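Trainee: Please work out how this folds:
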Amino acid sequence: MSDSVKLPKAPRRRAPIDVTQERQPTDAEFADACDLIDWLGPEFHAALREAIGEGKGRPGSVPARAVLVAWTLNAFQEGSRAEHTDVASQIVACSDTQLAALGMSRLPPHRAYARIWDKTTRIHEALEEGFDFAIKGSKVHVDLDWWCDALAQGSIPADLPRSRTRAVDGTDWETCGTFVQPDAEYDGATPPDTDTPLEEHAKTLAKTRARLKGRVPLGPDGRGIYTNDSGARAGHRSANNQHNAGMYNGYEGHLSVQTRDFTYRGRPGELTFGPEVPNVITALRLTEAGAHRGHAAVPMLLAERVPDAGQRATPDRAGTSLSAVVWDRGYSLLAYENAHGPLWMAGIQPTFDLTTAQREQIQVMVDIDWLDGAPFSKHTPSHLRDLPREGRNDTWDERVRLRSLYDERARWRFSHHGLPDADGFVRLICPFHAGRLRATNLPQGKASKSAPLVTLPDGVDKCCSGIVTAAPEFLKLAQAQALLFQTTAWTMAYGPRVLVETGNSLIKDKYATLNRAYTKLMGLAKRKFALAFLIAGINRRIVRAWRAKQADEPGHRRRLRKFEATRAGLVARSSAEVECSASTNATTTTHRSAPTAPPSRVAKPQRSRPGTRRPRTPSPLRT
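Mentor: Here you go, the predicted model:
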C-alpha cells in the first residue's frame, strides 16, 4: 500500500478587516509623533534596521520608523486601544505629505493590516532579543525595559522643570486570555497583604508551589499558568472603584512619577519643598503579576537619570541620579538587601510607610531602644513609646496632636556621628551629647538654645556609655528611612505619594482604559512594547494640562486672593459675633431685645416704580 498523503488545510475564510475608520492625524499630532521617534537618534534607527533585516533583499513598503510613528499616533488618540487594526488605520489615514515624510507611499487598505502586523512583530522581537548601538562614544544596550524608559523620557519637553524625587506604585493589568485551569492560587513572591511577615509567606509559598506541581502547567519561573496567555500569572490587587480586592491573572506595572523635591534640615516639624513640577511618568517596569516588586522597581530607579535644567533627556541616560523616592508598604515590607539597601548605597533616600512588623519595639543595645524602625534613647518617656498610627478617619485636630507627640519623641533619637565606614559600621550619638535635650541631673557640654529641659528618673547620673558603634545590621533594622516615621516632616514628604495614584488613574480611567479589553496581545514582551507608547501618550496629555495650568496662573492667583479675603471677612465677622454674645451674656440686666431676623432674611426697602402697584400689607389673622 502506498503511504497516505497529508493534504494541507484550506485557508480559513474571514471577513475583511476595515482599516479606514480613523481620521487624518493633525499636523501637531504628526509632528509630535515624529519628534518622539526621531529623538531616539539615527544610531538607534540604523541598529534597529540592522536587527530586523530592513534594507536587505526585497525592499519593504513600510519602514520601521513609519510603524513606530503609527503606534505613537494611535496612543495620542482619545480612547484608543493597542490593536494592529488601529495602528494600520493610522497609516491609511495619513495624508500624502505625511506619508512622504515617513518615506513611504500609500498602502492598499486591504494589505495594510498584514504589513503592519509583520513589521511590528519583527520590531518587538528584536527589542526582546536586544541589540546595541553607540551614541557619542558610549555604548547603549537596547531591550524592552530600555524601550519603556526611553519613550517615557523622550515624551518630556526640555523646557519643563525637572526634579530628582519620585513616587512609585504598582497597578494591575488583567490579561485578555481565557481561563484554561480552574481554582487559581496565589503563588507570588511577595505577601498578598502588608501585615504578613516575609518568613511566614515563604513557608506558605513553598507549600503552594509543591501543591501546584503536576496539577497545572508551570512556567519557566516555576509558577502556575491558568490562562492561554503564557506570560500571565496570578496576582493580588487592592480594591478601587472598578473592582474589589482579591486575585487576578495578568501583569503588574510599576510606575515612577515625578514629584517635588524636598529638603530636610534636621527639624522634625519642618520640611522645605522645591518648585512645582509636572507629575509626568518618567519610568516604567512591567512584570508578571505577583513577581518580586524589588527586582523590578529598584533597577528602574537606579537606572533613571535626570537631565540638566533646560536640557532634554538623551537615549544614553546621561544626567544626574535620583535623590529620593516615596513608596508605600507594598515595597517597604521587602527585605533590606532587595529594596532599601541598594537605594541607600546609591544615594537615594527612601521615605515609606512602616508595616506592623517593622513597628515592633526591639532593644539590641544597652543604651538604644528601637522604636518604629529608628534608634532612641533608653530614657525615652513611656507616653512617647507606643504611639498609634494616624487613622484614616481621624479629625484634623487629632492628627495635629498625634504629630506633635511624634515630633516631641524625635528629640530623643540617636543620630549619626559621621558616615558609615567601608565595612558598614556606623557611629551613633545620643540626644544629650548631640545637644537636642538638656537634663538637670546630667553634666552636659554645649546644648542648643531651643533644647527643652527634661527630667530623668531618680538615680540616673549619665545618659549613655558614650558614642556607640553599631554593626551593619543597624541599617537593616532602620530600613534606611530618610525621615522619622509619622513626624510632621515625614507626613509632608510622604503626602505626594498620592500623585502616583493619580498617574494610575490616568492610565486606568481618565486618559486611557488599561483593562483586559485594552489589547488582545498576549505575552510580556508584546505588552511591554505596546505599553511604552501609551505612557508617551499619557505624558503628552499631562504636559498639555500643565501648560494650561501655568497659563491660567495669574487668573488663579486673583481667584485665590479673592477667596482668602472672603474667608478672612467671614472669620472676622464670626469672631465679632462670638465676642458680642459673650459680652451680652456677661451683663446682669434682664432686658431682652425684640427678636430680629437674620440679615439675609430682612427685606430691603424697594423704590416703587411709576405705573407699578405697591404690594398690599397683609392683615393679621383673626383668632
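Trainee: roughly how far out does whatever helix or strand residue 407 lives in sit from the chain middle?
Mentor: Take DSSP states H and E as the rule and residue 407 turns out to sit in helix 396-410. Remark: helix 396-410 is offset 27 Å from the chain centroid, using C-alpha atoms, centre = their mean, to the nearest Å.
Trainee: One more: stretch 295-305?
Mentor: Counting by C-alpha atoms, centre = their mean, stretch 295-305 comes out at 13 Å from the chain centroid.
Trainee: Let me see the mean pLDDT of that stretch.
Mentor: What stretch 295-305 shows for mean pLDDT is 94.
Trainee: now do stretch 527-544
Mentor: On average, stretch 527-544 scores 94.
Trainee: For that stretch, C-alpha coordinates in CSV please.
Mentor: The C-alpha coordinates for stretch 527-544 follow below in CSV (Å, rounded to 0.1, in the frame of the first residue of the first chain):
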residue,chain,number,x,y,z
ARG,A,527,2.6,44.1,26.2
LYS,A,528,5.8,46.0,27.2
PHE,A,529,6.1,47.2,23.6
ALA,A,530,2.5,48.5,23.5
LEU,A,531,2.5,50.0,27.0
ALA,A,532,5.5,52.2,26.3
PHE,A,533,3.5,54.1,23.6
LEU,A,534,0.6,54.5,26.0
ILE,A,535,2.8,56.1,28.6
ALA,A,536,4.2,58.5,26.0
GLY,A,537,0.6,59.5,25.1
ILE,A,538,-0.3,60.0,28.7
ASN,A,539,2.7,62.2,29.2
ARG,A,540,1.7,64.3,26.2
ARG,A,541,-1.7,65.0,27.9
ILE,A,542,-0.1,65.7,31.2
VAL,A,543,2.2,68.3,29.6
ARG,A,544,-0.7,70.0,27.9
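Trainee: Which elements pack onto the helix or strand just after the helix holding residue 407?
Mentor: Per DSSP H and E, helix 396-410 leads on to strand 415-416 as the next helix or strand towards the C-terminus. The contact analysis (3 or more C-beta pairs under 8 Å, 6 or more residues apart in numbering; DSSP states H and E) places strand 415-416 against strand 426-429. Placement of C-beta: from N, CA and C, glycine included.
Trainee: Return the distance of the helix or strand that the strand it packs on is followed by from the chain's centre.
Mentor: Sequence order places helix 431-434 as the next helix or strand after strand 426-429, per DSSP H and E. Centroid displacement of helix 431-434 relative to its chain, using C-alpha atoms, centre = their mean, is 38 Å.
Trainee: so what strands line up beside the helix or strand that helix 431-434 is followed by?
Mentor: Heading C-terminal from helix 431-434, the first helix or strand you meet, by DSSP H and E, is strand 438-439. Sheet pairing for strand 438-439, assigned by DSSP bridges, gives strand 453-454 (parallel).
Trainee: Residues contacting the strand it pairs with from elsewhere in the structure, which ones?
Mentor: 437, 438, 439, 440 (C-beta atoms under 8 Å, 6 or more residues apart in numbering).
Trainee: Can you go through those and name the buried ones?
Mentor: 437, 439 (16 or more other C-beta atoms under 10 Å).
Trainee: So for the contacts of strand 453-454, which is the shakiest by pLDDT?
Mentor: Within the contacts of strand 453-454, pLDDT reaches its minimum at residue 440, with 78.
Trainee: on that earlier part again, mean confidence (pLDDT) on the helix holding residue 407, please.
Mentor: Mean predicted confidence for helix 396-410 is 93.
Trainee: can you check stretch 135-144 too?
Mentor: Computed over stretch 135-144, the average pLDDT equals 90.
Trainee: That one: how far from the chain's middle?
Mentor: That offset, for stretch 135-144, works out to 27 Å (C-alpha atoms, centre = their mean).
Trainee: circling back: with distance to residue 287 as extra columns, can I get the contacts of strand 453-454 in JSON lines?
Mentor: Converted to JSON lines, the contacts of strand 453-454 look like this (distance: C-beta to C-beta, whole Å):
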{"residue": "437", "distance to residue 287": "47"}
{"residue": "438", "distance to residue 287": "52"}
{"residue": "439", "distance to residue 287": "52"}
{"residue": "440", "distance to residue 287": "58"}
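Trainee: quick one: buried residues of the helix holding residue 407?
Mentor: Buried residues in helix 396-410 (16+ other C-beta under 10 Å): 402, 403, 406, 407, 408, 409, 410.
Trainee: May I see the residues you listed organised as CSV, with distance to residue 29 added?
Mentor: Below are the buried residues of helix 396-410 laid out as CSV (distance: C-beta to C-beta, whole Å):
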residue, distance to residue 29
402, 50
403, 48
406, 50
407, 51
408, 56
409, 55
410, 52
